[in-house]
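A.B. asks: Next one to model:
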Amino acid sequence: MKQLFFLFVIVAYPLFSQNILSHRERAELIEKIQKERIQNLLPKLMEEQDIDLWVLVTREYNEDPVIKTLLPPTWLNARRRTILVFTKMKNKIDAVAITRYNFGKNIRSIWDKEKEPSQWKALSDYIVKQNPRKIGINISENYGIADGLAKTDFDGINSALPIKFQKRIVSAESLSVRWIETRTPLEMTIYKTLVEITHNIIKEAFSSKVITPGVTTTDDVVWWMREKVSKLGLKTWFHPTVDVQRTGESDLYGFDGETKFDIINPGDLVHCDFGITYLTLNTDCQELAYVLKPEETEAPEFLKKALKKGNEVQDALTSNFKKGRTGNTTLKMAIQTSKSKGLRPQIYTHPLGLYGHSAGTTFGMWDAQNGVPGSGDHPLYENTVYAIELNAKVFIKEWDKDIRVMLEEAGYFGPNGFRYVNGRQTKFLLIGNKNKHLN
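C.D. replies: You can find the predicted model right below:
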């Protein structure tokens, strides 16, 4: 019943700080999330990837990214040398820790240092007893997140194991990626709320509550967002950006280090890139606002048409999502679909979830529109979430220049196909006296 209460609170009241879960409540819910993942998800993934035993080794302050996703909510870091072992049993996982303490509530310690002083020998004894055909370790060429085993710890495993077991060691890259990229039913229950919180912060940032045209700078808005997140008791996983595009300016989107100090004026097209971390998950969102001129009540028609072109590029990408299709193939199809409709796309969509720039299927990068070796060759699996990040370049006759319609929204791919986790932007947020989007 307590879990249902937590979910009711975070789903029903996403915006206000008094309804963000306390740290104690978050800890209890995170333990439930981790338990569901270990007991229900991991057996399927180890069977799928044909790995019998998975060894994760890390040390305090040098945590393997996979172990970070398993850290008990009362542990901010690993302790000493932490060794976790997951053994595939019939329809279940035996999750143990070769550590001095239980690894939270979900993974029990089996190491008695008084009986066996050597941690490496204790690990070796356990592995030999399990007699696995394949021993997975976290080494990877294509994914930093799956490459968390330090050389010292690799040597420790090798030196401790008998030679015949050393020969059974394989890369757990695919297993690590599948663990990172796959969302459980409980996670998806709360994900919608995380994205809604993100949207609501952007709505408030892009309003007259925060922005006074002719006075407020883009950097002022960035720091307001940071403060807002802190006051809610949350975290940002990257420093936000806010920028403007306007008539009379030659630059499309500034990386010159100066545009962040632009003063926001009436008639500006304002863009943000913003994401939060909460309950082990991350969001990543880019939205657009228009600053109303005194005589205006809505954005100009030419900008509305431009936004629709951005939505069309989104559709060109997500309509080509198919289970088993690689990111590189999907990217190629999406670009072809977009160009056949007269669009000028740039697609750089990435996995989203336990990390912001997460592991999984990658659909291009801003400077790799022909595909991404490695992560772009990863097939699309169900129950995964992506930051649908892209832009459409559009010539604005009224401004005599190109603009970029830059959009990013969390999207879920599951058994019933693709859907946005909490909708997508199809209308501009309007910065003006009425701020209807706050109603």
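A.B. asks: For the protein, give me the ranges with low pLDDT.
C.D. replies: The chain contains residues with pLDDT under 70 at 1-18, 249-261, 433-439.
A.B. asks: what about the most far-flung residue of it relative to its centre, which SS state?
C.D. replies: Distance from the centre of the chain peaks at residue 115, with 42.7 Å (C-alpha atoms, centre = their mean). Secondary structure for residue 115, judged by DSSP: H, G, I helix; E, B strand; the rest coil, is coil.
A.B. asks: For residue 121, see how far away it is.
C.D. replies: Between residue 115 and residue 121 the computed distance is 11 Å (C-beta to C-beta, to the nearest Å). No exception for glycine: its C-beta is placed from N, CA and C like everyone else's.
A.B. asks: ok, back up a step: I'd like to know how far the residue farthest from the centre of the chain sits from residue 362.
C.D. replies: 47 Å.
A.B. asks: what about residue 67, neighbour count?
C.D. replies: 20 (other C-beta atoms under 10 Å).
A.B. asks: Does it touch residue 78 like I think?
C.D. replies: Yes - under the criterion of C-beta atoms under 8 Å, residue 67 is in contact with residue 78, at a separation of 6.2 Å.
A.B. asks: Now the common contact residues for those two.
C.D. replies: residue 58 (C-beta atoms under 8 Å, 6 or more residues apart in numbering).
A.B. asks: As a check, name the ranges of all helices in the stretch 151-300 of the chain.
C.D. replies: Taking DSSP state H, counting those that start in this stretch as the criterion, the stretch 151-300 of the chain carries its helices at 151-160, 163-166, 173-181, 185-205, 218-231.
A.B. asks: As JSON lines, those helices with mean neighbour count and distance to residue 87 would be great.
C.D. replies: Shown next, in JSON lines, are the helices of the stretch 151-300 of the chain (neighbours: other C-beta atoms under 10 Å; distance: least, C-beta to C-beta, whole Å):
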{"stretch": "helix 151-160", "mean neighbour count": "15", "distance to residue 87": "15"}
{"stretch": "helix 163-166", "mean neighbour count": "12", "distance to residue 87": "14"}
{"stretch": "helix 173-181", "mean neighbour count": "24", "distance to residue 87": "13"}
{"stretch": "helix 185-205", "mean neighbour count": "20", "distance to residue 87": "24"}
{"stretch": "helix 218-231", "mean neighbour count": "17", "distance to residue 87": "40"}
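A.B. asks: Of these, give the one that comes closest to residue 407.
C.D. replies: In terms of C-beta to C-beta, the element of the helices of the stretch 151-300 of the chain nearest to residue 407 is helix 185-205, at 12.3 Å.
A.B. asks: ends of stretch 80-98, how far apart?
C.D. replies: 11 Å (C-alpha to C-alpha, to the nearest Å).
A.B. asks: Pull out the buried positions in that stretch.
C.D. replies: Across stretch 80-98, burial judged by 16 or more other C-beta atoms under 10 Å covers 81-88, 93, 95-98.
A.B. asks: so of these, which ones are in strands?
C.D. replies: Among the buried residues of stretch 80-98, the members falling in strands (DSSP state E) are 81, 82, 83, 84, 85, 86, 87, 88, 93, 95, 96, 97.
A.B. asks: For the closest residue to the fourth one other than its chain neighbours, grab the count of nearby residues.
C.D. replies: If I follow you right, that is residue 84. Nearest non-adjacent residue to residue 84, counting by C-beta to C-beta, 6 or more residues apart in numbering: residue 56, 4.5 Å away. Neighbourhood size, residue 56 [other C-beta under 10 Å]: 24.
A.B. asks: Next up, the contacts around residue 56.
C.D. replies: Residues near residue 56 by C-beta under 8 Å, 6+ apart: 64, 66, 67, 70, 83, 84, 85, 86, 138, 148, 149.
A.B. asks: correct me, but the second one touches residue 148?
C.D. replies: Spelled out, that is residue 66. Yes - using C-beta under 8 Å, residue 66 is in contact with residue 148, at 5.8 Å.
A.B. asks: Share the number of residues neighbouring residue 357, please.
C.D. replies: The burial count for residue 357: 16, using other C-beta under 10 Å.
A.B. asks: Can I take it that it is in a strand?
C.D. replies: No - Residue 357: not assigned to a strand; according to three-state DSSP it is coil.
A.B. asks: can you pull the contacts of it?
C.D. replies: For residue 357, the contacting residues are 350, 351, by C-beta under 8 Å, 6+ apart.
A.B. asks: Ramachandran coordinates for it?
C.D. replies: In terms of degrees, to the nearest 10, the main-chain angles of residue 357 are phi -90, psi 90.
A.B. asks: how close does it sit to residue 385?
C.D. replies: Taking C-beta to C-beta, one finds residue 357 at 13 Å from residue 385.
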